[in-house]
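Chemist: Predicted model and sequence below, questions to follow.
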Amino acid sequence: MSDPTSYRILLADDHELLRRSLKSILAGSGDLEVVGEAADGLQLLNLLKMSTLTPHMAIVDITMPNLGGIETTRRIKMTYPDVKVLILTIHKDQEYLDQAFSAGAEGYLLKEEANTELFSAIETIRHGGIYVSPLLSGMLEDERR
């Protein structure tokens, strides 16, 4: 049963080991709770239809079978605009970064930085901010010039 005071998170990544690791890491954090896991975007959207989960955030990979993370994010934001989306990916490309934010994501975190930045990303987004991996923050600054 979900704790009503917890910050509820859904995970979507096609690698089960990564999902299990994230779930374990987040479970040890106190008030963060993984309420569902999906191997692709379609499964994630089906989980969102379950009204009992009421997640606050979805952590979504970009490259997944059946429905990738960018389109999944777009659909989440159209139907569940209050659900925050953190993209967790290996992709360092400007194009993916732009697509993620255009689709409505609130954050973009590189997997290689997740060990040091995951909680910071979640907290930034949780409190209404936008998060970009430190390794990519220069891309946004370059774009604004």
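Modeler: Nice, I can see it.
Chemist: Could you use CA atoms for every contact and neighbour count after this?
Modeler: Will do.
Chemist: tell me which residues in the helix or strand hosting Ile125 are buried?
Modeler: Ile125 is part of helix 114-126 when elements are defined by DSSP states H and E. Buried residues in helix 114-126, counted by 16 or more other CA atoms under 10 Å: Ala114, Glu117, Leu118, Ala121, Ile122, Thr124, Ile125, Arg126.
Chemist: Could you list the low-confidence segments of the chain?
Modeler: Applying pLDDT under 70 to the chain flags residues 1-4, 51, 139-145.
Chemist: and with 90 instead?
Modeler: 1-5, 27-30, 50-54, 137-145 (pLDDT under 90).
Chemist: quick one, strands of it?
Modeler: Assignment of strands within the chain using DSSP state E yields the ranges 7-12, 32-38, 57-60, 84-89, 107-110, 131-132.
Chemist: returning to that earlier point: which other helices and strands does the helix holding Ile125 contact?
Modeler: Secondary-structure packing of helix 114-126 (3 or more CA pairs under 8 Å, 6 or more residues apart in numbering; DSSP states H and E): strand 84-89, strand 107-110, strand 131-132.
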